[in-house]
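Participant: what shape does this take:
(one chain, ligands or ions: 1)
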Amino acid sequence: MEPVHAAVIYYSATGTVHALARAAAEGAEKAGADVRMRRVAEQAPSEAIASQPAWEQHLQDTADVAEASLDDLEWADVVVFGTPTRFGTPASQLTSFIATTGQLWQQGKLADKVYTAFTAASTNHGGHEATLLALGHVFHHWGGIIVPPGYTDPIQFKTGNPYGTSHSSAGGPPDDDALEAARYQARRAVDAAAALKVGRAA
Ligand SMILES: Cc1cc2nc3c(=O)[nH]c(=O)nc-3n(C[C@H](O)[C@H](O)[C@H](O)COP(=O)(O)O)c2cc1C
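Facilitator: Predicted coordinates for the structure are as follows:
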């Protein structure tokens, strides 16, 4: 049987979510998936980006990461979304990408896939869960199979977010625990997708 196809689709302005996305891609690969790590297109005006050196630098540093396309969604058996928290919601760059999926949705091509999501916010109470649950709304509309990490692994008792990996970036970039949580979350999602694949083929 073909390996599970896993797409890690994320937006990151200053690298926090990018680091989590890389960890998620590693976790998915370790679980045996064929992985596409993709960043959604930047849409902010160049003056806004240029006004923040960390943003401009990260954009340059990740220029070689392929941009997410609708084909990536169609190809995937499991999609792991990553986004910074923006005023308690996903970044507009990610929701703009999601807003281009109408035709795929209409054709039923987004249904029955496994979905899961992770985020970063500046502060502990800055909206981690709100952002993840907002992405959950989309997965419901798509008829997706939502696979959250819950408290299904010891790492989840350390990092503590059952909705999805999240990191508070005011304390610095993602630490080992946050990266391990992202790896675990993706691995769990791939395992679920693999079980579905086997079951559907039977
Ligand atoms: C416009 C804007 C809105 C933000 N809103 C929130 C927020 O609601 N809560 C929060 O804790 N952090 C907020 N942040 C901070 C980012 O979520 C945080 O720095 C995140 O780690 C950035 O991820 P990145 O490095 O991958 O871009 C906001 C940042 C920006 C630029």
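Participant: please report phi then psi for the residue in the chain that the ligand sits nearest to.
Facilitator: Nearest residue of the chain to the ligand, counting by CB to the nearest ligand atom: G126, 1.9 Å away. Glycine gets a C-beta too; all of them are placed from N, C-alpha and C. According to degrees, to the nearest 10, the main-chain angles of G126 amount to phi -90, psi 0.
Participant: quick check: it touching P84?
Facilitator: No: contact criterion CB atoms under 8 Å: G126 and P84 do not qualify, at 10.1 Å.
Participant: quick one, which of the two is more surrounded?
Facilitator: Using other CB atoms under 10 Å, the more surrounded residue of G126 and P84 is P84, with 23 against 18.
Participant: ranges for the helices of the chain?
Facilitator: 16-30, 46-50, 53-61, 70-75, 92-98, 102-106, 128-142, 154-159, 176-201 (DSSP state H).
Participant: could you list the buried residues of the second one?
Facilitator: For helix 46-50, the neighbour count (16 or more other CB atoms under 10 Å) marks I49 as buried.
Participant: and for the third one?
Facilitator: Residues of helix 53-61 classed as buried: 55-56, 58-59 (neighbour count, 16+ other CB under 10 Å).
Participant: over to the fifth one?
Facilitator: Within helix 92-98, the residues that qualify as buried by neighbour count (16+ other CB under 10 Å) are 93-95, 97-98.
Participant: dump that helix to PDB, restricted to CA.
Facilitator: The C-alpha trace of helix 92-98 is given here as PDB (Å, rounded to 0.1, in the frame of the first residue of the first chain):
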ATOM      1  CA  SER A  92      -5.100  35.900   7.500                       C
ATOM      2  CA  GLN A  93      -2.500  34.400   5.100                       C
ATOM      3  CA  LEU A  94      -3.700  31.000   6.100                       C
ATOM      4  CA  THR A  95      -7.400  31.800   6.100                       C
ATOM      5  CA  SER A  96      -6.900  33.400   2.600                       C
ATOM      6  CA  PHE A  97      -5.500  30.100   1.400                       C
ATOM      7  CA  ILE A  98      -8.400  28.200   3.000                       C
END
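Participant: does the ligand have contacts with that helix?
Facilitator: No: shown here: helix 92-98 not in contact with the ligand (CB under 6 Å from any ligand atom), separated by at least 9.1 Å.
Participant: so what touches that helix?
Facilitator: For helix 92-98, contacts defined as CB atoms under 8 Å, 6 or more residues apart in numbering pick out 9-11, 40-44, 68, 81, 83, 86, 89, 138.
Participant: fine, thanks again, bye for now.
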